[in-house]
Structure formats: structure tokens, C-alpha cells
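# here is my input, please return the structure:
(2 chains)
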Amino acid sequence: MNPQRPETAAASAPANGWAIELEQINKRFGAVHANKDIDLSIARGTIHGIVGENGAGKSTLMSILYGFYTADSGTIRVNGQVQSITDSSHALSLGIGMVHQHFMLVDNFSVLENIVLGAEDSGFLKPSLDRARKELDRLEHEYDLEVDPDAIIEDISVGQQQRVEILKALYRGAETLILDEPTGVLTPKEADDLFRVLRTLREQGKTVILITHKLREIMAITDSVSVMRQGQMVATVRTSETSPEQLAELMVGRRVLLRVEKDQAKPGKTLLEVQNLVVKDDMGITRVKDVSFAVRAGEIVGIAGVSGNGQSELLEAVSGMRDQASGNVILNGDALSLKGDDGAARARAAGLAHVPEDRQRMGLVTNFSEWENAILGYQNSSDYGQGPFLDIGAAKKRAAEHVKLFDVRPANINLKTSLFSGGNQQKIVLAREMERDPDVLVIGQPTRGVDIGAIEFIHNEIIKMRDEGKAILLVSVELDEIRSLADRIIVMFDGVIVGEADPASASEGELGLMMAGINDKAAAGPGAAGQETKP
Amino acid sequence: MSARRPIPRWADVALLPAINLLLALIVSGLVVLFVGENPFHAIQVIIYGAFGYGEGVGYTLYYATNFIFTGLAVAVAAHAGLFNIGGDGQAYVAGLGAIVVALALDQTHWLIAMPLAVIAAGAVGGFWAFVPGWLQAKRGSHVVITTIMFNFIAAALMVYMVNRVLKPASTMAPESETIDVAGRVPQLRQFFSFFGYSPVNLSIVIAIAALIGVYILIWHTKFGYAMRVLGQNPTASRYAGISNSRMIMITMTISGALAGMVAINEVMGVQNRLVLDFVAGAGFVGIAVALMGRNHPIGIALAAVLFGALYQGGQELQFVIPGITREMIVVIQALVILFTGAMEGLFRPALERAFMLFSPEQKADAIAASTAKTES
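You can find the predicted model right below:
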């Protein structure tokens, strides 16, 4: 059908016809060709994956389909009809619905109210709600998507909230659903549930477009997959005829090592010890409940768990950022005082470096230039000026070294940090923290939102630090990452350590159960009541 | 990738304020037209009154001196993410520090009295801002609320102090004793006859020093770096081991001390005694000055001179054109504050679009920078 795409296996007309056909879509932002001659045909009643690194043009393409942008040229056909989609309500009326990565829900409204919001029939709410309740009941049964219509959004789990988003789109008559990185916030179990729902949707004849960077998910659920690189569609293949390695290579344009190569750990003396740590969050709720563990020189201890089970608070307490903590954090044999709001400075002085979970909220001042961020946390060091004055020359020199060592692109230390991509921002933080030669390195979500190519680099740097005899505490919601990097895994659930596992022997299933709080140890405790995960 | 491209720096600091000012003048012109006067004549009078002859220039600079101090006070706090609306009150109570030193060292040469008075006024003004800072750092009371309330406390306190403590028994007027000539801050006219009888005095030298000092503080010290981190991202500053509570208290103190310098200009340079309400709203004009000057010392200096010119030119206007009353002048000043201060962002989106249209290469550069990611 299309001679320019010899590798396109799914190009011959499918039995159910095409739901979406994009032809020669072009979108430029100035000199940047965000979408270049994109052809994409998605068969009705299939799950179609789209993968690509950050900035490859996936979001732009989906934004064009959903009416956020208008393409400079090219045609869009929905169900065979040429359409020019002007805005998202137009897209919806054509049966295209979108589930965003960050949910668009009103937290203190009920499920039903959220579903009706923006789709009310009249000025009075009651008739709309009644009608919606019936319709919702039907949808829930048809697609096996149980949600309590009267539950308040902030009281239900993230997985449930995502269902509400899906129901919202279905309620508005979506025939094609676009899901943007839907599993980033889910437990393995919730992700499985989502996949089950997606399969049901497919059975019912709906079309699903799944944007993700997790190749495992692509392999598990999609029928066909398209790979984008630098604004171009480089391949569309049948999932059954490809492999994660091939997809990764297509995405990056070169061979990528998906497994981390490392030698056996040679643990030395204990450098970081946490004893009976209890941490409260800003609302005064206890998030870490009497946690103790130790990290020795030359080993990586990974903390696994679904996001929101106390890992963030634990990281912050260990790195001195929380004064609402009790218990002991012992760095290099000395107890770290947790009092006062400048504990992070004391922790750094004791040889701890911290790569925070959320680089944009915490690890960087995004409005600052690259060089200004290269000294964040070390601004009072005599390396950057004597006495009260800041030696800008010295700071810039150090920043230039970082940029070179960690291959930060673009290599411009005067550029505002917000203009760097996620992976390069992460490299800026990593360079700053690793190049201070700390004894203890605490890392949260090292590769969140980072391209595959950069992930490889970051993982290798972490292993290198370990082999240099540093004690590394790693927190990640990516189970694969923990399993491939850590020498020991600690699983947290509801603020408690529910178990410890050896990454070499523990199966994903075992870890997944522990992450959901199901463990012999936890079963006796209060934490096993069920899944109360909130972001 | 939908990021809107920010306008170039020169347009942000020069073009945008110029457009805002122009719009303010056009609307003011309509007001003047409405009362039946010629707006072009009016603007001529304002410009001549402010810059046309020595005494006018002197007055403009005298007003500008106050506005530099209060503008810097607002800017320093703003860099740390704090909105100090209490410059008026801080300047007012600082008058106590200035007058106490000045009267205690009556007969002493100004070269000795003035530095001590600067310290005293700075300390009192700083203290008046430190308390709201402390309340925010330790108790979580927002400085916007507390600094406003401290303005009222300052006003009540000063009425009491002037009437009950500082006023000599022999006088009726609510004012302190007069400072002896020797201890007064010298007028510039003593050195340059160009300035006529205008009250501009050596306090302007302190103002210029403050402009330079603030520049160095914010961009060339570790403290200034920490301040800006706090202002941009309080979570990041906590991460960086910066004590947010200590930064808030120290920054507010510096801010209040800067506002307190108004007392040197007024009490020791112009009035030569402590009178009621000597700040005359300079603290609030400082907010507009800092906004218009983008919290940068150079911008603040220019904005302070502009507002000084408006004050002085406005005075002139009501003498020359009787149809324009004192209230009308206030309306015009308010319009300028409204357009350059409160609504300073009005044309930003339009300007951003205009720059997108007219400089495709720059736009391309910016987007190339923002999307230069795939190679990593």
C-alpha cells in the first residue's frame, strides 16, 4: 500500500479497516522538524504501541491527532474520512479520546462528577448525573472496569483514578483511546489490571494507541508497534515479529545494552546506617515507620516499592532534608543531626551526595543556567570562592568539566537548565553529585524520564561508583532497574520494610507481591490491610 | 515542545517597560483631554519641570533617592521569593534611629553623624522587617500580610513617639527638635549651584552605593546565590542545605535596612527633624519601581528616576496649568504605576508572538536548544 515503507508489516488493509490513518504529516517548530513525513495507519480493534526517545516526536504526533496542534501539512483520516482536527473537543466528537500521563481529575469531586464534568446536558446537574450513572453502570460492565461512582477521587488508588480517566473518554464516545505512558504510576498488579482492561477494550472493537518507553509492555500487549526517532517514523512492525533488542536499536539508532554488566559486589565496611528511622511528611502523617538497614562500601542497596510508600520520605531523611524525623542516620560512623532545616548541608559535609527523585522540583533550579546548577548544594565550598564572595569563574570552570565528563548536550553552560532534555538535566545533577567524590551516594529514580541511550550511561556510572568503593542507596519504582543494578533489594510497603531479597534469585512475581504488601512478615502487621497507594 | 519562546532580554528590560509607559501616558493624555486641557502641553510641562532646569533636576533626583532605597528593598526581598510590602513602615520607624543619632550627636560634624545614623536607621528599619521575617520563618505567617500590618503599627507608633517622646515641650507642631546645621547631611547645592534650591543631598551617594552593593550581593556572593535559589525553588534550597528560615530572616532584615535609608534622606537631608508621615508613600512606589526595574539595580535606578520625574513634573504641572489639580496628578501617577507595575505583563504575550514572527532564526535557535535531546 505504501512503497516507502518496506518494513511496514501491518500495511496491508486489515479486516476491520483503519481507525486512524496519518499521511505525510509534517510539523515544524522553527528549524526543528518535530514530525517529518509521518505515515501511520492504525487498524481498528488493535492495540498499537508507539515508542521513541524523549523528543522523538511522539507527543507532537499525538497532539496533532488530538487537536492540540495543527499539522503544517499532511492528511488525517479517521474511519476513512479526511478530517482536519481543530481542537480536542473536535477530536472527541470524532471518537478520539486521550488519557494523559498526569490525570485531569478534580480531586475532591466524586467519580461520577468527574465523568460528567464538561459533558453536562443542562444547567441542572441532577438529570445529567442520573443519566451518567446508568451509562457508567453499562460501561463498567461492558469493559470490566469497576469503580465506585460515589467514591471521592482523592480516596481511591492511582490505578482506580486511571480507570476513571478511561471511563471519562468512553463516556464521551471514544472509539480510539490514546494512552500516554499509562503505567508509570502503577504497581505491577495495577499495570496487569490495566492491560486486562485494554484487552477487553480491544475485544469490544475499540482501538488503543499506547505511548510508552517500556519495551516490556509493548511486547506484552500490543499487536503492532511504531518506532519514532528524531521526528521520523523509522519502522512499524508486528509485535510478534520483533524483539525488545531490535526495538531499542531502532529507537536509539545504535545497539543498546539492556542488561547492566557488572561484577560481583565486594562489600566493605558499613558507611551508611539507618536505625529505627521514623519520618513524618509535611502533613504530619508518619510515612516511614521504624526502618533500619545498612549500606556498606562497594554495594548498591535498592529500595523497591510502589511510589508513595515512604521511599521519598526515607530518601529525604537520610540526606538530611527532613527535620520531622526521629531515629539515627549514621554516616561514616558519625550520627547526622536531623534538627534544623539545613541538615542537607551537614549530610554533604559528612560525605553524602544526593541525587533526588525529582530533579526539576528539587535537584535543579530550572530557571538558573547550567553553571549555576553545577554548584547547587556546594555553593559554600571554598572551591567556589573565598569568604562571602562567589567565584563565578571557578564555578563555570567546574561546570564545563562536568559537561565534558558526562557528555551533557548541548554543551553550553550558560543555557537555562529548563531548556535541557530530561536525560541531560539528570546528567547535570549526577555530574555535580558524583564528581564531589562522596562516600555515600543516595539516588532516587536515576532514570525517570531519561532516554534509553542515557540510561545506559547513567547505569554504568552508578556501577563505576560502586566499584570505587562507595556505598549506594538506590530508590526506583522501576523494578527492572532495581533488579539489574542492586546487590541487595529491600522492599518497602506502607512505610515498613516488608522484606529483603537477592536480585539474582528473587522472581519478579515475588517482588511484586512484596511491593503490594503481601508477605509473611507483613501479613501479621497492620500494613497488610490492602492497597492504599497514593502518589 | 510547545514552550513559548521568551522575548530577548533587551526587549524584556527596555522595550516592554517603554510600551507600558507609553500606554500609561496615552491614557493619562485622554484624562487630561477630558478635563479640557492640551495633553501635549501637559507632557511638555512635566518633562521640562523634571529635567528642564537645575532645580527641577534636583527635585527629581531627591525623589528618586527615596525610590531607589524602597525599590531595592522590594527587589532584595523579591529575589528570595518574599514580597515585602512594608517598605513604608520600615522607612518610617527608621526615622527614629536617624533622629536619635542625629540629636544625640548634635553639633558633631556630619561625616561622623551620618554613618552612625545610617547604621541606626538601618538597624531600626531592619528590625521592623525582621519581625515579619521571623514570623514567616518560624510561625508560617505570610510576610505579605504581616508587613502590611506592620505599616499600621509603625504609623501608630510614630504618632506616639513624635507627640509624646520627641516633641519639645515648647512647640505645638508634631515634630522633633531640629538638627543642628553641622550634623545635617549636606545638600548637593553646596557643591553645585546648578541644583538651585532643590533638596537633593548626599544621601544620593548612599543610594548609588546601595545600588552597587545590592548588585554585588545578589550576583557575586554565596549569600546572594542562596537567596536566589530560595526565591526560585524553596525545595531545591532545602536540598542544597540552605536554611530557608535563616535566609528569610536575614533577607527581610537587609530589605528593611534598605528601606530605612529613606530616613537618612528625609530626616537628616531635607526636613532636618522628624515629622509625621515623612515617607509619604515612597514605600509603595518602591514596589512599582522594583517591578518596572525587573529587580535589577540598573532597572531600579532608571525606574526611580522616572517616578522621581513624575513626582516633580507633576508638582510643576499643577502650578503651570491650573485646570489640572493636585488630584489629577495623583491620577496620572497612579496610571503609570498601574501600567508599569500592576499590569506590566499585559503586552508580554503579544510581544512574544511578535518576536516569533519577526525573528524566525532566533526562534529556531531556542527551539533547537530546547529539543536538542535525541542525540544523547
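# tally of neighbours for A:Asp192?
A:Asp192 has 15 neighbours, counted by other Cβ atoms under 10 Å in any protein chain shown. All C-beta atoms are positioned from the backbone trio N, CA, C, and that covers glycine.
# hey, C-alpha coordinates of the helix or strand hosting it in CSV?
Here A:Asp192 sits within helix A:188-203, counting by DSSP states H and E. Taking C-alpha atoms only, helix A:188-203 is exported to CSV below (Å, rounded to 0.1, in the frame of the first residue of the first chain):
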residue,chain,number,x,y,z
PRO,A,188,2.9,-4.3,38.6
LYS,A,189,-0.5,-5.6,39.7
GLU,A,190,-2.3,-2.4,38.6
ALA,A,191,-0.5,-2.5,35.3
ASP,A,192,-1.7,-6.0,34.8
ASP,A,193,-5.2,-4.9,35.5
LEU,A,194,-4.9,-2.1,33.1
PHE,A,195,-3.6,-4.5,30.4
ARG,A,196,-6.6,-6.7,31.0
VAL,A,197,-8.9,-3.7,30.6
LEU,A,198,-7.1,-2.8,27.3
ARG,A,199,-7.6,-6.3,26.0
THR,A,200,-11.3,-6.1,26.8
LEU,A,201,-11.5,-2.8,25.0
ARG,A,202,-9.8,-4.4,22.0
GLU,A,203,-12.3,-7.3,22.1
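# surely B:Ile179 is within a helix?
No. Using DSSP: H, G, I helix; E, B strand; the rest coil, the assignment for B:Ile179 is coil, not a helix.
# tell me who's in contact with it.
By Cβ atoms under 8 Å, 6 or more residues apart in numbering or on different chains, the contact set of B:Ile179 is B:99, B:102-103, B:106, B:267-268, B:272-273.
# next: B:Ala226.
Residues near B:Ala226 by Cβ under 8 Å, 6+ apart: A:379, B:237, B:240, B:242, B:247.
# hang on, isn't the last one packed against B:Met227?
Yes. B:Met247 is within contact range of B:Met227, at 6.2 Å (criterion: Cβ atoms under 8 Å).
# what touches both of the two?
Residues touching both B:Met247 and B:Met227 by Cβ under 8 Å, 6+ apart: B:Ala80.
# returning to that earlier point: just the contacts of B:Ala226: which are in helices?
Residues of these located in helices (DSSP state H): B:237, B:247.
# which stretches of the chain have low pLDDT?
All of this refers to chain A. Along chain A, segments meeting pLDDT under 70 span A:1-12, A:31, A:256-258, A:519-535.
# can you look at chain B instead?
In chain B, residues with pLDDT under 70: B:1-6, B:358-376.
# that's a helix at B:Phe40, yeah?
Yes. When three-state DSSP is applied, B:Phe40 is found to be in a helix.
# so what's it closest to, chain neighbours aside?
In this structure, B:Phe40 finds its nearest non-sequential neighbour in B:Gly29, 7.9 Å apart by Cβ to Cβ, 6 or more residues apart in numbering or on different chains.
# so A:Arg432 touches A:Asn373, yeah?
Yes. Checked against Cβ under 8 Å, the pair A:Arg432 and A:Asn373 is within contact range at 7.2 Å.
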